[in-house]
Structure formats: structure tokens, C-alpha cells
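> generate coordinates for the sequence data below:
(chains A, B, C and D)
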There are 2 protein chains.
Amino acid sequence: MKNLLFEFISKYISLTEDEKNAILSLDLFRSVKKGTILLKEGQKSQDEYFVLKGCIRKYYIINGEEKTTAFFTEMEGLVPHCVINNAPSEYFISCVEDTILTVTNPGMGVEVNTKFPKFQVMCGILSEELLAKQQINFDEFKTSSPEQRYLNLLQSRPDLIQRVPQHQLASFLGIKPQSLSRLRARILEKKS
Amino acid sequence: MKNLLFEFISKYISLTEDEKNAILSLDLFRSVKKGTILLKEGQKSQDEYFVLKGCIRKYYIINGEEKTTAFFTEMEGLVPHCVINNAPSEYFISCVEDTILTVTNPGMGVEVNTKFPKFQVMCGILSEELLAKQQINFDEFKTSSPEQRYLNLLQSRPDLIQRVPQHQLASFLGIKPQSLSRLRARILEKKS
DNA sequence: TATATTTCTTAACTTAAGTGAACGAGTTAT
DNA sequence: ATAACTCGTTCACTTAAGTTAAGAAATATA
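Model (predicted):
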């Protein structure tokens, strides 16, 4: 697992052994079972997550209904909104599969950042990248129909369709599970 | 106009007269007429925009149809995706109204940033803020129906509904102009 | 000013998504 | 092993959005 993390970091900055050890000494790694809820609505938490293996899911409960808005899989990180504004969380985060992730908090960041300023550089690049991806994603969602969104997902993240329950996928696509079933049947019909 | 800019900046960092003059010497201010296209699909540009007065709009043309995905009004900034990845733009940016804005590019940033490192601090805060807003926006869009989205907009940015043509608003809400008309009629009926 | 052009609304019809219910398959719990 | 539950699919029905067309009102253009 350590290797996965360092491999990821090395895409952005290079680390000395000292620096690697400093990171390891923080004891970041967690192994969580499928179904575990990492963050609940209303909860105040300072934890940030980075998925090394597995899949976690962000969802709201609105009028008693789960509304999934994002999945995070291998090498994807999530800074919950409640960490940024220090207010109770509006949403839940739970594990779709058995998952290995790192759990960090801004305090740890300060500690490491003052010792190794390169981390700030990486965070800068990372958040810029993330913002850009986010915007493109949003635009894509807005400019396409549920069917197009499903076909897009099939292209861009085919693994998700396999590993995530259909009703969560449906909600992620902005529709009901029944509509997703229908839509898939429609696509199959068109192909033949 | 200068005052508007400095007022905005002062919310994040404080500037000396020297620093203000350095900014003014860059000649950032532009006055653009309604309808002017600032960026075209396919174009490579390094320009970043910050609206001081007026309104600009980001839109795609997909199958000959305009798809508006964002509006930027007073004190809102936009770094086009093509600036980040240095590729031809996938979308257009045009002026909804006569608009006064600043036009900057990353090169100018480097110049000012090396002289006044505080700017980097501001940019950090700004992009973090932006990312957070963006995520909340996306979630809100995903988890609500067109009608709810319209009612939301009525709450959060009532000015937009007045100053922007209905067909652009409709597209922004992810529906057709006809549907927006209908939807508004429906809401009026419910009220009475 | 007169004439286009764009913008908004309304209407009739089509298509797709929401809703409620039922069913079987698979899973979990007892 | 059986019961309870979850999950995905299908069906019939309802509701809302897409489509095409037409016309009125506002704006821009000659």
C-alpha cells in the first residue's frame, strides 16, 4: 500500500527517503469494510480521504431518499466540504467495497508542509487539476441526457458500472433505478 | 473600476500603494460591448477574466445548439480550461451585457507573484473557495429537478433571471426554453 | 419609420422519466 | 433451513420534458 501512495506522489514531486519516512510516521493507512460509514450528515469532522484500493461513495439523504453524487476509486482523493467550512456535514460518505485509504487532516498537513514545502506545491497542482476536472464533469452532466450520461460513463469509467449497485449508479446519473433499467434495455434494442 | 478591484482584493490580502501601482501598471481593464465574443471554440488563448461590472456567459455548441453552462457576474472570475491545459477551447465565452472586466494571463501572474508573494496566497484561498462552491453547486444540480433548480436560482441569484435571456437561462437549467415557460406557468398556478 | 430578427409564450403531440406495484434471484439473519 | 430483506427488472399508469409549429411582443436593422 505504501508503494501505491508513493507511486502516486512521484507523479507530482520526488521524495527523499527522509521525507517518505516522515509520511509513514504519521500512520495514515486505514482498512475499512464494505458498508462502513466514514462520515455522517450533521457530523463535524476534519478527516480527508485518499483511496488506495476500493471505492467510497458520497451521498445525501433528501426526503428519506439517498442521492449519490460522487464515487471515489483508486488514486482519488476527497476533502469533505465540512472540513473546509468547519460546519456539520450535509452528506454521508460510505464504503462501496472493502477499501484501503489514507486518512489525514489539515493539522497534519501543516506539520508536514512546514518541514517539506514541496507538499504545498503538490497540493496546488492537485487542486488545480481537480477544479478543472470538476468543471468539465459538470459541463458534461449539464449538456447531456441521462442516456448520454450513461453511455459516457460506460466510456470513461466502465469499472464503476461493474462494481457499484445499480440503484446507486442511477442516482449518480440523476435518475431512478427503474429508469436506468429501461434505458439499458433501450440501448440494447438499438444495437440489435 | 480600480476601486472595485482593490475592494475585492482587500477581502483576502492587504495591499500597499506600491503594490496597487504595480497592478495598475499592468493595464488590465477592458470595456466590452454586449454580444462580444471573448473566446471561441477551437481557439487557443491564455486570457483569464474577472468581471467588475456586467455579465459574461460560457456556452458550448453541441449539434448546432447553444448549451449555456455558466454565468459570471460582478466579482466573479473565470480561468478558461484552455488556459490550464493549453489546448483549443471546447467552448465559447461571450458578453451578456456591456461589461467591464480585467484580462490577465499566467505570465503576468508570474511577474507579479515573484514581486509580491502574497498574491499566491490569495490565489490559493480563491481556488479553494471556488472548488468548494463548484462542488456544492454540482451536488445541488444533480439532486434536484428542473423546477427545483429554477426555484433555487430564484433564491440564490435572482438578478440572473432578470438580466439574462430566458433561452440562455433554460439551457443553464438543463432544459429547453419552452419547458422553462411551462414550468414558470406551473409555479404561478400553484401559488394561486 | 418600416422591416427584419430575436425572444418569449402557447398549443398539440411525442418521448422519456417518475411512481407504485409485483416478481424472482440473491443475500443476510435467525 | 427458513424467513426477511435487498436488488434488479418489468409493467401499467402518470407526469414532465422534448419537438414542431405558430403567433405576439420586443429589439435591432435598413
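
> ok, now which ones touch the residue lying closest to residue A:91 once chain neighbours are set aside?
Distance criterion C-beta to C-beta, 6 or more residues apart in numbering or on different chains; nearest residue to residue A:91, sequence neighbours excluded, is residue A:60 at 4.8 Å. From N, CA and C alone the C-beta is placed, and that goes for glycine too. Contact analysis of residue A:60 by C-beta atoms under 8 Å, 6 or more residues apart in numbering or on different chains lists A:41, A:66, A:67, A:69, A:90, A:91, A:92, B:139, B:143.

> out of the residues you listed, who has the most neighbours?
The residue in the contacts of residue A:60 with the most neighbours, by other C-beta atoms under 10 Å in any protein chain shown, is residue A:91 (22 neighbours).

> OK, contacts around that one?
A:39, A:41, A:58, A:59, A:60, A:69, A:80, A:81, B:139 are the contacts of residue A:91 under C-beta under 8 Å, 6+ apart.

> sorry, back to before: let's see which of the contacts of residue A:60 end up in strands.
A:66, A:67, A:69, A:92 (DSSP state E).

> adding pLDDT and distance to residue B:181, write these out as CSV.
Putting the ones in strands among the contacts of residue A:60 into CSV (pLDDT from 0 to 100; distance: C-beta to C-beta, whole Å) gives the following:
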residue, pLDDT, distance to residue B:181
A:66, 95, 33
A:67, 96, 28
A:69, 97, 29
A:92, 96, 37
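
> quick one: the residues you listed as TSV, columns for distance to chain B too.
What follows is the ones in strands among the contacts of residue A:60, written out as TSV (distance: C-beta to the nearest C-beta, whole Å):
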residue	distance to chain B
A:66	10
A:67	4
A:69	5
A:92	12
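
> next, give phi and psi for the residue nearest the centre of chain A.
Centroid-nearest residue in chain A, with C-alpha atoms, centre = their mean: residue A:72, separated by 2.5 Å. Dihedral pair for residue A:72: phi -130, psi 120, per degrees, to the nearest 10.

> what's the pLDDT at it?
If you check residue A:72, the pLDDT there is 96.

> doesn't residue A:74 belong to a helix?
No. Membership of residue A:74 in a helix is not supported by DSSP: H, G, I helix; E, B strand; the rest coil, which gives coil.

> number of residues surrounding it?
14.

> does it touch residue A:51 like I think?
Yes. Using C-beta atoms under 8 Å, residue A:74 makes contact with residue A:51 at a distance of 6.0 Å.

> give me the number of residues near the closest residue to residue A:131 other than its chain neighbours?
Leaving aside its chain neighbours, residue A:131 sits nearest to residue B:131 (4.8 Å; criterion: C-beta to C-beta, 6+ apart). Residues near residue B:131, counting by other C-beta under 10 Å, number 19.
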